[in-house]
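> Need a 3D model of the following:
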Amino acid sequence: VVVATGGVSYPATGSTGDGYRLARQAGHTVVPPEPSLVSLVEDGNVCKRMMGLPLRNVELTLYEGKKVLFREMGEMLFTHFGVSGPLVLSASAHIRDMKKYSYRISVDLKPALSFEKLEKRIDSDFLQFAGKEAKSCLDKLLPASMRPVMLEKWGVEPDKKVNQITRAERRALCELLKAFPIALKEKGDLQHAVITSGGVSVREVDPKTMQSKCCPGLAFAGEVLDVDAYTGGYNLGIAFATAYAAAMHMEERRE
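Numbers count the residues shown, from 1 in each chain. As a prediction, this is how the structure comes out:
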């Protein structure tokens, strides 16, 4: 018997946790399922104000306290509840207990520019906008929906003339552009997670044959196991590889 029932993500597809119940009945340990490759909910309403805005070629860093857990370049998306997109999904795989640990993300909006080069870029822009108000000086730096949010976080009065902005205020803008902060409240729910982290303990399964170490004649394959990976086809790879190993062993036994 091969149990290949999936996890508990997207229950409408049939992944309702039946495999976990079967595994427990056979004496297996089930690591509690958690959502993985999932959107993240913001602690605040900054993202909501930029809902629908995609960011490309940015660098996202995930922190657990002061510890860096994940850093990668790619794409992300602001939503009505927080953030999503490929970078966010991959980052979510590193999050453990959000009730026990504090998590936040930082987005480098200009990863191709060093801090010094970005300062020079801003100085050049400010020369062009010298006689205008501060609320206009971000027009060439950021998408329209992000400008009012950045201006608010920057703390410079919107009506202040660009030529009156101090060197310290320019550096503060650079720091925000290189590390735009987003506090996190929680992960999205299991129903909308791409995959499930957790499942049948791999310590109780033979990795070469996928056979149960607790119950002769029983095997497991796919997401029902406590194995998960980044987005990008890796989880499909796990499903195919474990199913192949289980099937080949069954064929050998049949012969």
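
> going forward, measure contacts and count neighbours with C-alpha atoms only.
Noted.

> what sits against Val194?
Applying C-alpha atoms under 8 Å, 6 or more residues apart in numbering, we find Val194 in contact with Ser9, Tyr10, Pro35, Ser36, Leu37, Val38.

> Got a quick ChimeraX command for the buried subset of those?
The following ChimeraX command selects only the buried members of the contacts of Val194, with burial defined by 16 or more other C-alpha atoms under 10 Å:
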select :9,10,35,36,37,38
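
> Dump the contacts of Val194 to CSV, plus distance to Glu255.
CSV is the format used below for the contacts of Val194 (distance: C-alpha to C-alpha, whole Å):
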residue, distance to Glu255
Ser9, 36
Tyr10, 38
Pro35, 40
Ser36, 39
Leu37, 40
Val38, 43
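
> out of the contacts of Val194, who's nearest Lys99?
Of all the contacts of Val194, the one sitting nearest Lys99 is Pro35; the distance, using C-alpha to C-alpha, is 14.6 Å.

> list the contacts for that closest one?
Pro35 sits next to Ser9, Lys187, Gly188, Asp189, Leu190, Ala193, Val194, Ile195, Thr196, Ser197 when contact means C-alpha under 8 Å, 6+ apart.

> For His249, see how far away the fourth one is.
If I follow you right, that is Asp189. Summarising the geometry, the distance separating Asp189 from His249, computed by C-alpha to C-alpha, to the nearest Å, is 36 Å.

> ok, which stretches of this protein are helices?
18-25, 86-92, 115-128, 147-154, 167-178, 234-254 (DSSP state H).

> what angle sits between the third one and helix 167-178?
Here helix 115-128 runs at 120 degrees with respect to helix 167-178, directions being taken by axes from the mean of the first three to the mean of the last three C-alpha atoms, to 10 degrees.

> Next, the buried residues of helix 115-128.
Using 16+ other C-alpha under 10 Å as the burial criterion, the residues of helix 115-128 that qualify are Phe115, Leu118, Glu119, Ile122, Asp125, Phe126.

> want to try JSON lines for the residues you listed, with pLDDT as columns?
As requested, the buried residues of helix 115-128 are arranged in JSON lines below (pLDDT from 0 to 100):
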{"residue": "Phe115", "pLDDT": "96"}
{"residue": "Leu118", "pLDDT": "96"}
{"residue": "Glu119", "pLDDT": "94"}
{"residue": "Ile122", "pLDDT": "93"}
{"residue": "Asp125", "pLDDT": "88"}
{"residue": "Phe126", "pLDDT": "90"}
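
> Just send these back as JSON lines, with distance to Thr16 too.
Listed next are the buried residues of helix 115-128 as JSON lines, based on distance: C-alpha to C-alpha, whole Å:
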{"residue": "Phe115", "distance to Thr16": "49"}
{"residue": "Leu118", "distance to Thr16": "50"}
{"residue": "Glu119", "distance to Thr16": "53"}
{"residue": "Ile122", "distance to Thr16": "53"}
{"residue": "Asp125", "distance to Thr16": "55"}
{"residue": "Phe126", "distance to Thr16": "57"}
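
> And those residues, which two are furthest apart?
For these, the maximum inter-member distance is 16.3 Å, found between Phe115 and Phe126 (C-alpha to C-alpha).

> Great, nothing more from me.
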